[in-house]
Each structure stands twice: as structure tokens, then as C-alpha cells.
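J.: Need coordinates for the following:
(chains A and B)
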Number of protein chains: 2
Amino acid sequence: MNTPHMPAHAGLPPDFAAAMQARFGARFSLAEAVRAHHGHDESHFPDALPDAVVWPRSTAEVVAIIDCCRAYRVPVIAFGVGSSLEGHVLATHGGISVDFAEMNSIVAVHAEDMDVAVQPGVTRKQLNAALHGTGLFFPIDPGADASLGGMAATRASGTNAVRYGTMRENVLGLEAVLANGRVMRTGGRARKSSSGYDLTRCLVGSEGTLALFTELTLRLHPLPEAVSAAVCAFPDVDSAVHTVIQTIQLGVPVARIELLDALTVTAINRYSKTSLEEAPTLFFEFHGSAPGVAEQARAVQALANEHGGRHFEWATHPEDRTRLWQARHDTYFACLNLRPGCRGITTDVCVPISRLADCIAGTREDIAATGLTAPIVGHVGDGNFHTLILVDPGNRDEIARAEVLNRRIVERALSMDGTCTGEHGIGLGKQDFLLAEHGDTAVDAMWALKRALDPENLLNPGKVLQAR
Amino acid sequence: MNTPHMPAHAGLPPDFAAAMQARFGARFSLAEAVRAHHGHDESHFPDALPDAVVWPRSTAEVVAIIDCCRAYRVPVIAFGVGSSLEGHVLATHGGISVDFAEMNSIVAVHAEDMDVAVQPGVTRKQLNAALHGTGLFFPIDPGADASLGGMAATRASGTNAVRYGTMRENVLGLEAVLANGRVMRTGGRARKSSSGYDLTRCLVGSEGTLALFTELTLRLHPLPEAVSAAVCAFPDVDSAVHTVIQTIQLGVPVARIELLDALTVTAINRYSKTSLEEAPTLFFEFHGSAPGVAEQARAVQALANEHGGRHFEWATHPEDRTRLWQARHDTYFACLNLRPGCRGITTDVCVPISRLADCIAGTREDIAATGLTAPIVGHVGDGNFHTLILVDPGNRDEIARAEVLNRRIVERALSMDGTCTGEHGIGLGKQDFLLAEHGDTAVDAMWALKRALDPENLLNPGKVLQAR
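T.: Sure, this is the predicted structure:
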């Protein structure tokens, strides 16, 4: 296995900048502030500024960018809204950031087929606003109002995945520009197909390293006739987790089940001015017909009671539900706020549901042993949870201990047949975990795909796959 | 784009046969009758016998086979039960057939996580028998009692896909032997993952051309608490199809909706000794809680009534349901039986649900214009339907007319944003449709993946991708 070409960062060739300026005018920028915005994400990795930023408005313009970058061997980094937690947008090898903010049209809503074609810069909230009145919605909800292109690139999921799946299941097709500048259409609008290799799924989760997405066809879902939410506090984390495990094993089709440990609830109460009991807590949401929702909620309440759950509180009013889920979505910032000036190192393991209680219990012991502050929150219906390890970015010892903790959490999850990342992606920081999880042969096969589609390592170099 | 190496068929090198015989003894066969069995499937393509057949019993033996085949440049064709409808197992370039019948163990049932690990030779009925008592089942049901390895290789689906998805959604991970002889593990048991490229989905649907599967991890589903089935005859096909479209658009979570045209019902009555009304008919199955199933059935019955549906008959007894679905599964043979001695050319288009009525109506007009006999049956909840064009294998003119009809049906489906194959795969006969459906760039990308993983074109050469 040859070591792939990893571009050294040598700044932009002057002719390249001139060519881009001639073509894109003010939509090509070398300004420091612009580059700083695009060389930063929500991860704990140090900023790494691109050499320039460009805002294409069409597929043809994306082709022009790729052609120019290939001619001058300039790396290309796709940029959505910068909400990545794994350093995906950081220009660690220089190059230009392709910001899809101006490719944000909804191309076609096919309500009768429950699918939609969008440009990659459309955000999930923008899409759902545009679907208003159709009786349909796009359920994937990673918390941040991420761009759909970015969500497809990281195979995002979030709170609703337990019922509606992830981007893997909900991207039906793509238009993508390859590293050779050719425009490819993958997948289609039929609900199923056995027509050739599954290029759509090859590209979903490829983190900008195999192609740039210029259009996505997404699956929509009928808005549920009835929705209700509930909050339930538990005497300990283990009781909450066992309630989740039984809910899933019984096949109750819950739409969301989220775990928040006591520290997270404290953080939320401070940040979002809520008055939740500061104990391990589950947030639930049920979707279905009115009797179906009531049936699901009764089943879950009975399980929660068996495990000592108390205050099974209902939120049937839309505004109460919105407040609840907004608080859930703000946990990242609420937890960072527990320690002003800190940065967060986020873990993202996901394990088979039967191992979830052991995995979380072991993780809690590890956190306690380190003395670090690390609230736990998770999409536990999928077996996925996060710890947000709060570190002082100036304290090397603390960062080193956080990294040891991170590694221990991942190793435990892998030993339980789990994955190092349920939804955030590999990015910069999990490349050795990728190898530990999948093994040499699989990672070599991933490199083979990368070389087949991007032989010059032009697209987001240094992400997903480690130079070997 | 270089033309790939397509092996010429020159028979087996004598040293190769000797090496295989030394290693596999009686599990390596050169016998004509054995080769004939493995050079034949359920398609209309002429038989093409492999040069030999081998029955591995372990992953290590599959590695040994691949290593030997690579050394002597002998093509390798995976064989399940031979139920392919697209010529997948035919040895059109010679080589050896690797029959997985002796790799048919259920490796591990993880009932609490609703997944199972199986060897590729396990059939779907065998798996469901083994799951008896766990409260779980594997829903994918293509009709034939196919091997799960073969079903993964063709991205199979069938009657339950409208509710439970296809092999794409239900294969969680694979162990596979690559053309270089290395053993790769893909995916895992976590319900979701963003860990690197989706190698599992790259391999599912690759029709034996990218790797040989030696173990599959499959998703299981809870057996529904209640099941009911119904049969409803309609005044015409269009009324039946509109009932389906509205059922899907309303989001009724039916488990199965199958369309049979009047000719198919006639064929079934003759073949399976049923006494169904010989009119366009829908078969339904509903899964859920007892009240949930009743609610679904009421909703569908109301829609059927609006479209002139009559005799909405119930089959609540398991034995009645079994008889009904057995009759449905026997349609292929029942229809062939309409014309003794004929062979069937099966079409397999799938379109967005809103186009289904137009697509079927146009197809019916085309059939009528040709004067051929071609019953229609379909997994219409997915927008997928088959015509079985019955041809006299000795009548060239008829075969030519059937091919024109086939092409017209596919072209119409593609013009409606559909796919040329919903579930049977590309195999030998749909390679030009693959190009028409996905375009040059996507097919070149498929070739790039093929070359990356199988540079010597050792694995099932001549299938899926056309030499270009």
C-alpha cells in the first residue's frame, strides 16, 4: 500500500487566485476574517484557515472550481454552516473552502411521492419551513441547524433517528461533482432499486473526501397525526437506561428517547431557565395516530414506573414541546457554559442496545476516576451517547487526561461491538479509532475507493483516512 | 477509460484443477451434471456452465479458493440456490462456481439487540425457522427460498419491503473476502455509525463482482402482535393502483400490498387450486397491535371501496394467510404454466408511487400492442411491478418482440424517474439499461470501484458492468 500524496500547505499559486477572481469576482475572497470564519468549527481542534473562500451558485460553478483546483493542485474543502464537531472544515492542508450558502434553493417538492430535491446549502429548518402545508416533514435533526449537504457528508442523525433512520436511509440520490470535474447523478426517486453499485451510500458519510454534493434527493415523512412528549426523572442513570433498553426491545416505535444525566439537567436549567428536577432524566416523544400515541406512552410509562421513574410529565402543547426540545438542543452550549472559557471534547460512541447500560456505567466510572467534568447526554434509543469533556484549552495536562478518557470510552464501545462514532464522523480526530474499529483490510479498501475517485487527494485531504 | 480485462473462456488450467482437488477432495467437482446445475438459473438466459464447482466450509477455505483462482486467473462465481432471475450465476466467462450450501450455519442470534450473524448459505426460511421462539423474524421475502448471501448480493426485497425495507436497510455488516484474498469486516452491530465509508452498502447489490460474502449481520424485527390479510378485487387495474397510491400517500403502514392482474389470478387459480375472482386484485397484509391492525385495515377498506373494490375478504387464520401468500409466491411458476414449455422474460421496473398508475397503464397498452402474453404482478406499495413475458424459446421473432417490449417498459420507467430494476439486479441483461439510468459518469465511477477492489476482473466477470 503506497502512502498517498498528502499536499503540503504552500499557499495559493498566484495564477490560481487570479483565475478564481476573474471567474467569481467578489464571491472569491482572500480576506482574513472570511478565512477565519471558514477555518473554525464547533470541535476542540485548533483553527486552520483555508487560503481562500468561494461561494458557487450552480453545479457548473462547482465544476469550474474543481477544474481550477485540479489544474493547480489546490485542496478543496466543502463548507456548510461550520457546525461540525470533528474538524471536517478545517483547512489542515490549506486550499480553498467552498461555501454552499448561495446554493440554497429547494429544487422540487414531490409531495405525492414524499421526496424533495434540494441544493446542499439548504438547512434542515429551512427545508421544514418550506414544507409547511404539505403534511410532510424531514425528520433528521442533529440539533444544529446544519446544511443538508453537510448532514449527508457526515451521515448525520440526531434525536429522531430511532424512528426515522439517519441520513443513510433518507438520502435517496445525489448530484455530485467528482474530483475529475465530471457531474454524476446517483440513486433516484424510486423507493428501491437493485440497479448497480450503491454510489449514493458510498458518498453519504464520505465527509467531503470523495465528491462535492450539488443536489440531494431526500425522503420525506408524513407529519404525525398526533405528537406527545414526556419527561421522566430517575433515581439513577442505570434505571433510566434500563427503561430505554426495554422500550426498544419491546418494539415501541418511539420517535425520540434522550438521556440527560443530572449534571446536564443542571446545565440546562441554568442556561435555558428551565426548572427540571436535577436527576438523570429521559425525554420522550411519541408520533402516531391519537390512540397510537396514547398506547405508546402508556407502555413506556409502565416501564419507567418499574424502574423507579418519577414525575412522568406530559407536554402535549406544541409550545411546551418546543421549549423542551430547544433545551435539549442547547445542551452542548449549556454544558460548555458550566465552565466558562472551556472547550468541549465530544465523544460519540454507539453500541448494541443490550450493552448500553454497561457501556454508560463504565464510562461514568472512567469519568469519575479522571476528576474531569464530563456531562453525558445521548440518543439512547439508538445506543448512542455523548460525553462532553470540558477542558481548559490552555491546560495541557487536562487535555492529555481528556484524550486518555476519550480513548478509554471508544475502546470500551469497540469491545462491545460498537462504533467510535454514531453520528459526528471521523474527521480529524478519530482516524486511529477508524482503524481499530474496522481493521487494516477495510481501511485499505476505503483507501482504494478514495484513490479510485480522487487519485490526486484533492478533496478534503487529511480527513477520514490517515496517511499510511 | 480503458477497456477492462475480460477473461476469455479457455477452460481450467490443469494445475489449477489438481491444486483444488488436492485441497477440497470430493468438494471440488468437474462432473457435467453438477456443472449443469450451477450453470442454470431462473432467468431466460441460455445456460452457461462453470468449469468446476467447489463447496467451501469456512472463510479460510474461501480465501484458499480466491488465492488459487487469482494465481491461475480463473473467474469466481458465487452461487446460493440458483434462484436469480438475471443470469447472475451463469459462467459466461467460464471459471468456477463457489457454492455456499455448506456454509449454512447461524453463527449467533442476538435477540436482545434484534440482530443475527449468519453464513451466506443460510436461506431465509431456514433463518426464520431458527428464530422460532425468539419473538423476532427476518422480513425480507423475495418469494423464492433464496440464500441470504444471494439476497444481499442482489439487494433483494420482495413483498414486505414496503414496511421493512430491502436488504440495503437490513444488512448491518458483512465479512467478505476480497479479490486479493484478504478478509474484510464491514459495518457492525451498532444501529448507526458515521465511521468511514459505507463499505457494507458498497457491497450489498454488487452481485458477486466486488467480493464474496462469508458472513452477514442482519437486522431482525419483532414479530407483530397481530397480523391480518385481505384480498380485494377491482373493476380494473387502474382502480386497484389508485387505491395503493392513496394508501401509501396517507402513510398507512401496510406490511404488504401486492397487485395481480386478472390473467395472473387466472394462472394462480389453475396452479394453486384457489377460487379467487378473476379480476385485478390486491393482496394486503397488516402488522401491528390488534387495534392498530384493525385501524389500518379499516382505512384501506374505505379507500378500496371508493375505487370500486369488492369482496374485501379477510384471512385472519394463519393457515388461510399462508395459503394466500404461497399462491402469491407461486405466481412465477403459475404464470409460466399458462403456456407449457415457455420461458419467462421478467421486467422489474420501479417508479415513484405517483407515476405508478400511468406506468402500469402504458405498460398494458404496450403489451396489448405486441400480442404477447405477459401477466403483471407487483410489489406496488414500493412502486415496483413485474411483467412476465412468456416466450417460446425456439421462436426468434417472439423473443425479439419481447425484447422490444422489455425495452419500452424500462424506457417509460426511466422517463418517470424510476429504475430499470427494483429488486432483481442488473446481471447479464440490463447492462445497457444501467447506463441509460445512471449515465456515463456514474457507470465510470462504478467501474472505478470495480477496478479498485478487483483489478484483475476475477469476480463474476461480465455481470453488472458492460465492457466499454
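J.: which parts of the stretch 51-200 of chain A sit against chain B?
T.: A:110, A:112-115, A:154-157, A:161, A:165-166, A:168-169, A:178, A:182-186, A:188-199 (Cβ under 8 Å from any Cβ of the partner chain). For every residue, glycine as well, the C-beta is placed using N, CA and C.
J.: Take these and keep only those in strands.
T.: In strands, defined here by DSSP state E, the members of those are A:110, A:115, A:183-186.
J.: Return the member of those residues nearest to B:Cys69.
T.: Proximity of these to B:Cys69 (Cβ to Cβ) peaks at A:Thr186, which lies at 31.1 Å.
J.: I figured the closest one was touching A:Val204, is that so?
T.: No: using Cβ atoms under 8 Å, A:Thr186 makes no contact with A:Val204, being 9.5 Å away.
J.: ok, which residues in the stretch 251-400 of chain A are in contact with chain B?
T.: A:251, A:289, A:291-292, A:295, A:348, A:350-354, A:382-384.
J.: related to what we said a few turns ago, export the ones in strands among the residues of the stretch 51-200 of chain A next to chain B as a markdown table, with columns for neighbour count and pLDDT.
T.: Listed next are those as a markdown table, based on neighbours: other Cβ atoms under 10 Å in any protein chain shown; pLDDT from 0 to 100:
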| residue | neighbour count | pLDDT |
| --- | --- | --- |
| A:His110 | 19 | 97 |
| A:Asp115 | 25 | 97 |
| A:Val183 | 19 | 98 |
| A:Met184 | 23 | 98 |
| A:Arg185 | 19 | 98 |
| A:Thr186 | 28 | 98 |
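J.: Overlap of the contact sets of A:Thr186 and A:Val204?
T.: Common contacts of A:Thr186 and A:Val204 (Cβ atoms under 8 Å, 6 or more residues apart in numbering or on different chains): A:Leu174.
J.: Near A:Arg27, how many other residues are there?
T.: Using other Cβ atoms under 10 Å in any protein chain shown, A:Arg27 is surrounded by 16 other residues.
J.: oh sorry, the question was meant for A:Ala101
T.: For A:Ala101, the tally of surrounding residues (other Cβ under 10 Å) stands at 14.
J.: my read: A:Val377 touches A:Glu258, true?
T.: Yes: with contact taken as Cβ under 8 Å, A:Val377 and A:Glu258 are classed as touching, separated by 7.1 Å.
J.: Show the pLDDT at A:Pro7.
T.: What the model reports as pLDDT for A:Pro7 is 60.
J.: Where does the closest residue to chain B within chain A sit, in terms of helix or strand?
T.: Here the residue of chain A nearest chain B is A:Arg201; by Cβ to the nearest Cβ that distance is 3.3 Å. Counting by DSSP states H and E, the element that carries A:Arg201 is helix A:199-203.
J.: now swap in A:Thr247 and tell me
T.: Taking DSSP H and E as the criterion, the element that holds A:Thr247 is helix A:237-249.
J.: Skip ahead from that helix and say which helix or strand is next.
T.: strand A:256-260.
J.: And the next helix or strand past that following strand?
T.: Proceeding N to C from strand A:256-260, the next assigned helix or strand is helix A:262-272, under DSSP H and E.
J.: Show me what that following helix is packed up against.
T.: When contacts are defined as 3 or more Cβ pairs under 8 Å, 6 or more residues apart in numbering or on different chains; DSSP states H and E, helix A:262-272 packs onto helix A:318-329, helix A:331-336, strand A:376-379.
J.: Let's see that with 10 Å instead.
T.: Under the contact definition 3 or more Cβ pairs under 10 Å, 6 or more residues apart in numbering or on different chains; DSSP states H and E, helix A:262-272 sits against strand A:226-233, strand A:256-260, strand A:281-288, helix A:318-329, helix A:331-336, strand A:376-379, strand A:384-391.
J.: For the longest one, buried residues please.
T.: Read it as helix A:318-329. Counting neighbours by 16 or more other Cβ atoms under 10 Å in any protein chain shown, one finds that the buried residues in helix A:318-329 are A:321, A:324-325, A:327-329.
J.: pLDDT averaged over it, what's the number?
T.: Here helix A:318-329 scores 86 as its mean pLDDT.
J.: just checking, what packs against that helix?
T.: In this structure, helix A:318-329 makes packing contacts with strand A:226-233, strand A:256-260, helix A:262-272, strand A:281-288, strand A:310-315, judged by 3+ Cβ pairs under 10 Å, 6+ apart.
J.: and if you look at the first one?
T.: Using 3+ Cβ pairs under 10 Å, 6+ apart as the contact definition, the elements that strand A:226-233 packs against are helix A:237-249, strand A:256-260, helix A:262-272, strand A:281-288, helix A:290-306, strand A:310-315, helix A:318-329.
J.: A:Thr166 and A:Ala152, how far apart?
T.: As defined by Cβ to Cβ, to the nearest Å, A:Thr166 lies at a distance of 10 Å from A:Ala152.
J.: Quickly list what's touching both of the two.
T.: Taking Cβ atoms under 10 Å, 6 or more residues apart in numbering or on different chains as the contact rule, the neighbours common to A:Thr166 and A:Ala152 are A:140, A:204-205.
J.: As CSV, these with pLDDT and neighbour count would be great.
T.: Compiled in CSV, these are given as follows (pLDDT from 0 to 100; neighbours: other Cβ atoms under 10 Å in any protein chain shown):
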residue, pLDDT, neighbour count
A:Ile140, 97, 27
A:Val204, 98, 29
A:Gly205, 98, 29
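J.: In the stretch 101-250 of chain A, where is pLDDT below threshold?
T.: Applying pLDDT under 70 to the stretch 101-250 of chain A flags no residue at all.
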